[in-house]
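Enquirer: pasting the structure only:
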Ligand code: PMP
């Protein structure tokens, strides 16, 4: 079988070593004669899995003790509702930075709960797609919090600056960038991320919330998404997605074995540099995002002649390079290169791109 590299934006590829471990212990997990999927979430064996996963995540991201880590369900989209429902209290407004597709989707959902102050940071610089730097964001004093999305999975844009907004409560949707580079958790009130990109399988959503923000949830909001209820019940108020939790725990162990988040950041930078330089050094491909705002996780690119798109996709699949079709709202191609993508995968992609350009340019 040709070696396959999967560039899907999510659900995305997982580390091979992790999948091999899952396979090896699937039918007889820890000598119990059953799989981890089939035991109670309240068993001592599963509680150990849950606690170890949380501790490993805390170690990886250096999460301070006054933050709770919640293992939720509903995906990041459930958090688009949970954030206002948990944080507004009596406030009527929150600041929402609009930098792309997912930030905009969060605004649409927030409108059910409040009147968001929408701050559009999309701009162009030197003819390139750009986002205003944080010191130009016009925040409002009536806002309960400021929400933004540091990595736009579809637009392929990113804000790598860390927020520095004093006492304001900063909320970040890190679905497509969590664990890819170091973060100063203290700068955030809430961080959330769907698992299916850089954490584990779909079905799990991580929330990291500062303790003093708990306890303000709107009364009629579902308890399963009430941060305080989840925190008081160690994320087991209802049955958690146990298999996704277990597998994410294996990914955390794998990340530690790779040298942790600082090592991942270096690895991710090297992959992104290789891919962007291949695009920039060619007249055949282009990426329209200003360098400062280029995502290191999701790299959209277009062929100058879009009539060749279909051939590019057919040939790339035949070469073992999967899921390169761009999102329907932007078209073209997109390579998602999360932590689990090895450098060899990006090398295989850039070799293919150069060869394709030579043959069709
Ligand atoms: N935010 C971002 C940045 C995303 O990339 C996605 C999914 N691609 C979502 C939110 C929505 O996540 P989910 O499908 O888990 O609700």
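Expert: Looks like it arrived, so ask away. It should be emphasised that the depicted structure is a prediction, and the values quoted were computed from it without experimental measurement.

Enquirer: interface residues of the chain facing the ligand?
Expert: 10, 75-77, 102, 149, 153, 173, 175-176, 194 (Cβ under 6 Å from any ligand atom). (Each C-beta comes from the backbone N, C-alpha and C, glycine too.)

Enquirer: how about a cut-off of 8 Å?
Expert: By the criterion of Cβ under 8 Å from any ligand atom, the positions of the chain lying close to the ligand are 9-10, 74-80, 102, 105-106, 149, 151-154, 173-176, 194-197, 202, 205.

Enquirer: what's the domain layout of this protein?
Expert: 27-257, 260-360 (automatic domain parsing).

Enquirer: average pLDDT for the last one?
Expert: Yep, that's domain 260-360 we're talking about. When pLDDT is averaged over domain 260-360, the result is 97.

Enquirer: in this structure, what residue lies closest to the ligand?
Expert: In the chain, the residue that lies nearest the ligand is residue 75 (2.7 Å; Cβ to the nearest ligand atom).

Enquirer: backbone phi and psi for that residue, please?
Expert: The main-chain torsion angles of residue 75 are listed as degrees, to the nearest 10 and equal phi 70, psi 180.

Enquirer: and the pLDDT for it?
Expert: Residue 75 carries a pLDDT score of 98 in this model.

Enquirer: excluding its backbone neighbours, what's nearest it?
Expert: In space, and not counting its chain neighbours, residue 75 is closest to residue 194: 4.8 Å by Cβ to Cβ, 6 or more residues apart in numbering.

Enquirer: I figured that neighbour hits residue 201, correct?
Expert: No: here residue 194 does not reach residue 201: they are 10.5 Å apart, not a contact under Cβ atoms under 8 Å.

Enquirer: and the two? Which one has more around it.
Expert: For residue 194 and residue 201, the more surrounded residue by other Cβ atoms under 10 Å is residue 194, and the numbers stand at 27 against 19.

Enquirer: contacts only, for that one.
Expert: When contacts are counted by Cβ atoms under 8 Å, 6 or more residues apart in numbering, residue 194 touches 10, 75-76, 175, 202, 204-205.

Enquirer: which of those fall in strands?
Expert: Assignment to strands by DSSP state E places the following of the contacts of residue 194 there: residue 205.

Enquirer: between the contacts of residue 194, which is closest to residue 287?
Expert: In terms of Cβ to Cβ, no member of these lies closer to residue 287 than residue 10, at 19.9 Å.

Enquirer: can you say which helix or strand has residue 154 in it?
Expert: Residue 154 belongs to no helix or strand when assigned by DSSP states H and E.

Enquirer: re earlier: among the residues of the chain next to the ligand, name the ones in helices.
Expert: Secondary structure assignment (DSSP state H) places 75-80, 102, 105-106 from the residues of the chain next to the ligand within helices.

Enquirer: now the two most distant members of those.
Expert: By the measure Cβ to Cβ, 78 and 102 form the most distant pair in those, at 13.6 Å.

Enquirer: report the buried residues of stretch 122-136.
Expert: Counting neighbours by 16 or more other Cβ atoms under 10 Å, one finds that the buried residues in stretch 122-136 are 122, 129-132, 134.

Enquirer: show me the contacts for the residue lying closest to residue 136 once chain neighbours are set aside.
Expert: Using Cβ to Cβ, 6+ apart and skipping residues adjacent in sequence, the residue nearest residue 136 is residue 121, 7.7 Å away. Listed by Cβ under 8 Å, 6+ apart, the contact partners of residue 121 are 97-99, 131-132, 136-137.

Enquirer: contacts for stretch 350-361 next, please.
Expert: 274-275, 278-279, 282-285, 305, 308, 311-312, 315-316, 319, 321.

Enquirer: mind giving me the PyMOL command for buried ones among the residues you listed?
Expert: Applying 16+ other Cβ under 10 Å to those, the buried members can be selected in PyMOL as follows:
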select buried, resi 274+275+278+279+282+284+285+308+312+315+316+319+321
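
Enquirer: using JSON lines, lay out the buried residues of stretch 122-136 together with pLDDT.
Expert: As requested, these are exported to JSON lines (pLDDT from 0 to 100):
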{"residue": "122", "pLDDT": "98"}
{"residue": "129", "pLDDT": "97"}
{"residue": "130", "pLDDT": "98"}
{"residue": "131", "pLDDT": "98"}
{"residue": "132", "pLDDT": "98"}
{"residue": "134", "pLDDT": "98"}
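
Enquirer: partner residues bridging the residue nearest to residue 75?
Expert: residue 205 (DSSP bridges).

Enquirer: and the pLDDT at it?
Expert: Residue 194 carries a pLDDT score of 98 in this model.

Enquirer: now swap in residue 1 and tell me
Expert: The model reports residue 1 with a pLDDT of 68.

Enquirer: quick one, what contacts residue 181?
Expert: Here residue 181 is in contact with 160, 261, 264-265, 268, 296 (Cβ under 8 Å, 6+ apart).

Enquirer: now swap in residue 36 and tell me
Expert: Going by Cβ under 8 Å, 6+ apart, the list of residues near residue 36 reads 25, 29-30, 46, 49, 242-243, 246.

Enquirer: kind regards, and thank you for your time.
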